[in-house]
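Colleague: 3D model of this:
(2 chains)
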Amino acid sequence: EAQVTQNPRYLITVTGKKLTVTCSQNMNHEYMSWYRQDPGLGLRQIYYSMNVEVTDKGDVPEGYKVSRKEKRNFPLILESPSPNQTSLYFCASSLDYRTNEQFFGPGTRLTVL
Amino acid sequence: SQQGEEDPQALSIQEGENATMNCSYKTSINNLQWYRQNSGRGLVHLILIRSNEREKHSGRLRVTLDTSKKSSSLLITASRAADTASYFCATDAYDSGYSTLTFGKGTMLLVSP
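Modeller: Numbering: from 1, shown residues only, chains lettered A, B, ... in the order given. Sure, this is the predicted structure:
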C-alpha cells in the first residue's frame, strides 16, 4: 500500500531533550516536506526537500533540522525542543516539485513540557 | 509568502444540501488544490485545478477557478454526514525555480444527519 508513515504518532517530552520524528514514504517520491498545524494558523511549512541531499527552509524553520540521506526517509529533528513547538506535525511527499499533489502522513502530536 | 484564505471559517448544513466553500489568494499561481482533513488526521488530496482551467469535476465535487478575481470555490453536492471534515485550499506558485504549496486555514464543514 502506497503510504507515508510517521513515528511516533504521539510524544510528550520535556524542554531541551533532543528528539527525532521519522518520516518514510514507499512511493519513490522525490519531494518531501514537513508541516506543523496549529489552531488558528493552519498548516505552515517547516522544511522541504526536492531530492536526496537537497533540503531548504520553509516558512517556520527555526528550531528544526532535517536531513535527506535516502530518498524514502526525511526525519525531522528538534535539537532542543521548547514549549512553543508543541504542535501537530505532518510529513508529506509528492512525485516531484512540479507535481506537488501531496500525500500526507497520519501526523505526530508533540507536547513539550 | 502568499496564502489561500478560505471562507467561511465554519459551515453547518443538513445531509442532502450542497456545501460551498471559497478560497481567495493574492498572487499568480500554477495551480490550486483542495484537501480534506478529518479531525486530527492527515490531509487527503481531493482535486487540483490548473491556472488555465476554469472548472473541474470529481464525483460530487465541483471546483471553479477565477484567476482574474484570484478566487476558487469548492462545491460538494448532496452532502453526507461522512463529508464532515475541514477543507483546505492550497496554492501552488512557481517561485525562483521551484514550486511551493501554501495552505489556507481551512473551512470546518459539519453535515448533520
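
Colleague: next, the residue nearest the centre of chain A: secondary structure please.
Modeller: Nearest residue to the geometric centre of chain A (C-alpha atoms, centre = their mean): residue A:34, 3.0 Å. Put simply, residue A:34 is strand when judged by DSSP: H, G, I helix; E, B strand; the rest coil.

Colleague: do you know how far it is from chain B?
Modeller: Residue A:34 is 12 Å from chain B, where distance means C-beta to the nearest C-beta, to the nearest Å. In short, each C-beta sits where N, CA and C put it, glycine included.

Colleague: name whatever forms a beta bridge with that residue.
Modeller: Beta-bridge partners of residue A:34, counted by DSSP bridges, are residue A:47, residue A:91.

Colleague: that one: what's it in contact with?
Modeller: Residue A:34 makes contact with A:23, A:45-48, A:58, A:64, A:66, A:74, A:76, A:89-92, according to C-beta atoms under 8 Å, 6 or more residues apart in numbering or on different chains.

Colleague: output those as a markdown table; include the columns neighbour count.
Modeller: Converted to a markdown table, the contacts of residue A:34 look like this (neighbours: other C-beta atoms under 10 Å in any protein chain shown):
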| residue | neighbour count |
| --- | --- |
| A:23 | 25 |
| A:45 | 22 |
| A:46 | 25 |
| A:47 | 23 |
| A:48 | 26 |
| A:58 | 20 |
| A:64 | 20 |
| A:66 | 21 |
| A:74 | 29 |
| A:76 | 22 |
| A:89 | 22 |
| A:90 | 26 |
| A:91 | 29 |
| A:92 | 28 |
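
Colleague: which stretches of the chain form strands?
Modeller: Answering for chain A, as no chain was given. All strands of chain A, identified by DSSP state E, fall at A:4-7, A:10-13, A:19-25, A:31-38, A:42-51, A:54-57, A:65-66, A:76-78, A:87-94, A:103-104, A:108-112.

Colleague: can you look at chain B instead?
Modeller: Using DSSP E, strands in chain B cover B:5-7, B:10-14, B:19-24, B:31-37, B:43-50, B:55-58, B:61-66, B:71-76, B:85-95, B:98-103, B:107-112.

Colleague: what residues of the second one count as buried?
Modeller: Using 16 or more other C-beta atoms under 10 Å in any protein chain shown as the test for burial, strand B:10-14 gives B:11, B:13.
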